[in-house]
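Novice: Give me a model of this one.
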Amino acid sequence: MICWLKQTRWTLIGIVLAGLVTDARALDPNRLPPQYVRGQWTTETGFPGGAVNGIAQTADGYLWIGTDRGLIRFDGFNFRPVSFTSIAAASNVPIMQLLTDAGGKLWIRPQGAYLVRQKDRKFESVRYDLPAITALSKDNHGGVLVSDIVQGAFRFTADDVQKLGPSSPPVISMAETADGKAWLGTLGDGLFFLTGGRATNVNAGLPDRKINSLLPIGEELWVGTDTGLYRGNGNGFRRLELPSFLGNVQVLSLLRDRDSNIWVGTTRGLLRINGKGISFSEENEFRGDGGINALFEDREGNLWIGGARGLGRIRDSAFVTYSSVSDRRFEQNGPVYVDPEGRTWLAPTRGGLYVLRNGRVQAVTSIPPNEVVYSINGWADVGRTSTRGTDPSTISQRCDSEPELYKGKRTRPKQCLCCL
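Specialist: A predicted model of the protein is given here:
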């Protein structure tokens, strides 16, 4: 029996990893962020702990997570801390960045002045006389861009290393656009691009000199700073108008998925930008008091999010979700009624009455939140509910405006939801 259980467990892990490798669509752009299915892993649910700084996936399906406490491998069930046993100096140090190249090799930037690469399931130190590496990124040709404070910027390919430009101020973000420009975002000296071995400073339209993240889209570049999000090219940049309640929000991470949704990780939560506009979700469960440091799309089209408290996953499903997993009002559902106008009325067992319209849930204010609704019934264009603790002679009528109370009446007005 024990052997069977072990075999079953590894079979399940294999199924999960195979699922991660399967090619699929990205997240449905027609859904609001709260309507995706979410999973969170924090220290309370098995995550080893530490702020997540980077996420990558190797060809075998494993997910790799770089945290303040070291490198972690996730198989869909368990998190396993990984030490670089062959590189003693790199063991259990904070991991700042992760990526995989075109050959499927995992590149790791630990805190410090070196790179580590996984090749043939073994870790090796990448030695190329680069004493102070501060950033790395994928290029447009399956290689890896690396920036070193002393030696400058380099391109690593499968069989060659090419120097791209001279030394520069500390670089914390890198990217390459379709026109061949290698972009360098610095810690406090603004934005540069490299062509022909020369660095050109581009600060037109960029009031902030700290460049946190870069996202190339064709020949255009999106730029995340401590004061907001910008987009442009070598001639200059313009600010993108984000929801006003965010103010001058810090943009920490950027990702474009395979359906061309732009995902923006900030200190306030997660933004999605597409042709339908801008959507926002706070993602407090794993973000905590910090920001969203890392974004990654796996081969199945799931979006993985790294925050100060742990790891999150957003995915599509056959069903649409309309409430947050942390919203205790909807932990246990009660009766549901859909009226002729397409509005959905629902009454959780905790009490209250809510209406779902245009993808958003709103409370019906005339029903106290502790009033339990037992049933919602409809007749063609009329809905009716009965509640515990309500005088049967009182009818609460819900039309296009807020509910009004009618005493002693038994009639049911058309196009209204009536509560007995």
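Novice: pLDDT below threshold where in the stretch 251-400 of the chain?
Specialist: Residue ranges of the stretch 251-400 of the chain with pLDDT under 70: 318-328, 358-359, 378-400.
Novice: hmm, try it at 50
Specialist: 380-400 (pLDDT under 50).
Novice: where do the helices sit along the stretch 201-350 of the chain?
Specialist: 284-287 (DSSP state H, counting those that start in this stretch).
Novice: Show the residue spans covered by the strands in it.
Specialist: For the stretch 201-350 of the chain, the strands defined by DSSP state E, counting those that start in this stretch cover 211-217, 220-225, 228-233, 236-239, 251-256, 262-266, 270-274, 277-281, 292-297, 303-307, 310-315, 336-338, 344-346.
Novice: and if you look at the stretch 1-150 of the chain?
Specialist: 37-42, 52-57, 63-67, 70-74, 79-82, 95-100, 106-110, 115-119, 122-126, 133-138, 144-148.
Novice: quick one: which of the ones you listed is nearest residue 351?
Specialist: strand 37-42 (24.8 Å; CB to CB). Backbone N, C-alpha and C define where each C-beta goes, glycine included.
Novice: helices or strands up against that closest one?
Specialist: Applying 3 or more CB pairs under 8 Å, 6 or more residues apart in numbering; DSSP states H and E, we find strand 37-42 packed against helix 284-287, strand 310-315.
Novice: contacting residues for the residue nearest to the spatial centre of the chain?
Specialist: Most central in the chain under CA atoms, centre = their mean is residue 305, positioned 3.9 Å from the mean C-alpha point. By CB atoms under 8 Å, 6 or more residues apart in numbering, the contact set of residue 305 is 265, 270, 283, 286, 292, 294, 295, 311, 312, 313, 314.
Novice: does it have beta-bridge partners, and which?
Specialist: residue 295, residue 312 (DSSP bridges).
Novice: Would you mind measuring from it to residue 292?
Specialist: Noted for residue 305: a distance of 6 Å to residue 292, by CB to CB, to the nearest Å.
Novice: Next: residue 80.
Specialist: 24 Å.
Novice: coming back round to it: let me have the strands of the stretch 201-350 of the chain in JSON lines, extended by distance to residue 163.
Specialist: Shown next, in JSON lines, are the strands of the stretch 201-350 of the chain (distance: least, CB to CB, whole Å):
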{"stretch": "strand 211-217", "distance to residue 163": "20"}
{"stretch": "strand 220-225", "distance to residue 163": "22"}
{"stretch": "strand 228-233", "distance to residue 163": "24"}
{"stretch": "strand 236-239", "distance to residue 163": "27"}
{"stretch": "strand 251-256", "distance to residue 163": "27"}
{"stretch": "strand 262-266", "distance to residue 163": "31"}
{"stretch": "strand 270-274", "distance to residue 163": "35"}
{"stretch": "strand 277-281", "distance to residue 163": "40"}
{"stretch": "strand 292-297", "distance to residue 163": "28"}
{"stretch": "strand 303-307", "distance to residue 163": "31"}
{"stretch": "strand 310-315", "distance to residue 163": "36"}
{"stretch": "strand 336-338", "distance to residue 163": "64"}
{"stretch": "strand 344-346", "distance to residue 163": "61"}
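Novice: so what's residue 171 up against?
Specialist: Going by CB under 8 Å, 6+ apart, residue 171 touches 134, 135, 147, 149, 153, 184, 185, 186, 187.
Novice: If we use 6 Å, what do you get?
Specialist: 134, 135, 147, 184, 186 (CB atoms under 6 Å, 6 or more residues apart in numbering).
Novice: neighbour-wise, which of these leads?
Specialist: Using other CB atoms under 10 Å as the neighbour test, these are led by residue 184, with 30 neighbours.
Novice: Wait, a strand at that residue?
Specialist: Yes - under DSSP: H, G, I helix; E, B strand; the rest coil, residue 184 sits within a strand.
Novice: Begin at 31 from now on, thanks
Specialist: I'll keep to 31 as the first residue from here, and by that count the last item is residue 214.
Novice: pretty sure it contacts residue 221?
Specialist: No - with contact defined as CB atoms under 6 Å, residue 214 does not count as touching residue 221 (7.2 Å).
Novice: and residue 110 and residue 322? which has more neighbours close in?
Specialist: Taking neighbours as other CB under 10 Å, residue 110 and residue 322 compare with residue 322 leading, 26 against 11.
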